[in-house]
Structures are given as structure tokens and as C-alpha cells.
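Let me see the structure of the following:
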Amino acid sequence: MIESRKEKIKASIAFIVIALIVLIAGTIILKYSVEGEKNMPFKLSKIYLISTAEGVENKEKDEKWNFNIYQNNDIYFTIEKNKDYDVKEKIQSVQISNIKVIKNSNKGKIKVFMPNSTEGRQFSYEKEYILENNSLTYEGGTKTDIRNLNIGNQGGQIVIRFSNTDLGTYISNEDEEIKHDGTLLKKVNVENEDLDFTVSFDLIINIKNKAYKTSMKFDFPTGNIIETGTESIEITDMEEYVFKRI
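Numbers count the residues shown, from 1 in each chain. Next comes the predicted model:
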């Protein structure tokens, strides 16, 4: 009887220990799923959103004004070195991947553009700059060079453009001047409710033998650009964006 009682006590203790281990492990996993990485070598410090519109001239034209209208939405990401992280690390690359349009606009066609690698405009609309594979990679380098898809290996900035194309063509000989911003949309009878769309993607920071990923979603355009012309939002609170090791 005594031996049997001892065995039951041992079994109970073993069960309690296992239960505690499972509980602690579950708590750690749950905390990580909610909070993610808390001491990354590099961190996302700022997101800057800009929405506007512009007219792109048709190459063959007889009229004074003849251009197609694009509603543009640019996202700038600033990635900084974590000063509290002791080990000397370098950014190998930063990826924007798994890009999806999860809600389409009522008018136009959403296309995703990388920066223009030639001098002049930061973005142009040639086919070679359209992202067909739903992914954009900036390689780590000695300095940030957005046009050539480089980000400084100690931190820097990257950008991507979501453009609503095929919104209309404006032809006129009457206007004295044209302002290339969101007010152009009035000229092709586009309303605010025609423009709304939503995109999602993953942002991945790659460091030697490590990679950190967060998922993002944005609604465009920001603000009432048809009346104001251009709208922008600066985001510095990154609590919403949880990075996890992959």
C-alpha cells in the first residue's frame, strides 16, 4: 500500500511538472505570436504614404493637352539600425513579397511599379518597371540608391508604387495650364468611391542567417485627393506590425 501510494505521488508530481512545462511553453509561444521579435538588429521606424495623380502625355498628339491619367500611391519604408543590438550586423536585402490586390477599385486597373533606374522621374510607366512576379527586392549595399534597388546595409529607405491606371484620357486645347495632382481626376469624371482599393504584402528584412517578416495591409488612396490634390500620412507607431523569424 505504501509503495503504491508513493508511485501515485510520483506520477502526480510528474504530471504537474509536465503540465507546467506545457503551460510555460504555450505562454511563450502565445506571447511570441502576439509580440514577435523584440530585439531585432534592424527595425522598421517609419512608413510614409503619398497619394496623388498625374497625367502622362501620349507620344503622338495633335492637341495641346492629351494624356492618360494615373492615380498613384507610393509607400516609403525607413529601416534603421537597432542601437540596443550589440552584434555588428548588415542588411543583406529587404523584400516586399506576396503582393496582392485584395479589393479592387470600381474604375481603372491596379498595377505595381518599381522605381525607374534611369535619370529623371523616380517612377515611369514602361512595361519593364511593372512588377509581374508580385515581389520586389532591394539588395544591401554601401548606401541607399532607390533607383538601382539598393538599401544601405546599415539602414536606409525603400519605396514601391501602387498605381491605378486606365482611369481615362484627357484631351483639350483650352486649358492654359494643367496641375498634375489628384484634381485631374475631375476632368475624367472619376469620383472618390471609384478609386478605393486595398493591397496586402509581406515585408522581409534579411540578415546573415536570419530573416524577419511582417504582414501589411493598406487602403488607398489616402484622403480626398480629388479635392486636395495630394494627401500623405506618416506612420511612426509600429506596434501593429509584428516581425517574426522565418
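
for this protein, what spans make up the strands?
Under the criterion DSSP state E, the chain contains strands at 42-57, 65-81, 91-103, 109-113, 136-141, 150-152, 155-165, 169-172, 197-207, 210-220, 231-235, 244-245.

Relative to I16, which of the ones you listed is closest?
Among these, the nearest to I16 by CB to CB is strand 244-245 (31.4 Å). Where C-beta positions appear, they are placed from N, C-alpha and C, glycine not excepted.

how much distance is there from the closest one to the middle of the chain?
Here strand 244-245 is found 17 Å from its chain centre; the criterion is CA atoms, centre = their mean, to the nearest Å.

what's that strand packed up against?
strand 210-220 (3 or more CB pairs under 8 Å, 6 or more residues apart in numbering; DSSP states H and E).

Give the buried residues for the strand it packs on.
211-214, 216, 218, 220 (16 or more other CB atoms under 10 Å).

follow-up on the earlier one: dump the strands of the chain to JSON lines, plus distance to T183 and mean pLDDT.
Shown next, in JSON lines, are the strands of the chain (distance: least, CB to CB, whole Å; pLDDT from 0 to 100):
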{"stretch": "strand 42-57", "distance to T183": "8", "mean pLDDT": "96"}
{"stretch": "strand 65-81", "distance to T183": "11", "mean pLDDT": "96"}
{"stretch": "strand 91-103", "distance to T183": "25", "mean pLDDT": "98"}
{"stretch": "strand 109-113", "distance to T183": "21", "mean pLDDT": "98"}
{"stretch": "strand 136-141", "distance to T183": "30", "mean pLDDT": "98"}
{"stretch": "strand 150-152", "distance to T183": "34", "mean pLDDT": "98"}
{"stretch": "strand 155-165", "distance to T183": "15", "mean pLDDT": "98"}
{"stretch": "strand 169-172", "distance to T183": "12", "mean pLDDT": "92"}
{"stretch": "strand 197-207", "distance to T183": "20", "mean pLDDT": "98"}
{"stretch": "strand 210-220", "distance to T183": "17", "mean pLDDT": "97"}
{"stretch": "strand 231-235", "distance to T183": "12", "mean pLDDT": "98"}
{"stretch": "strand 244-245", "distance to T183": "42", "mean pLDDT": "92"}
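
between those strands, which gets nearest to Q122?
strand 155-165 (7.7 Å).
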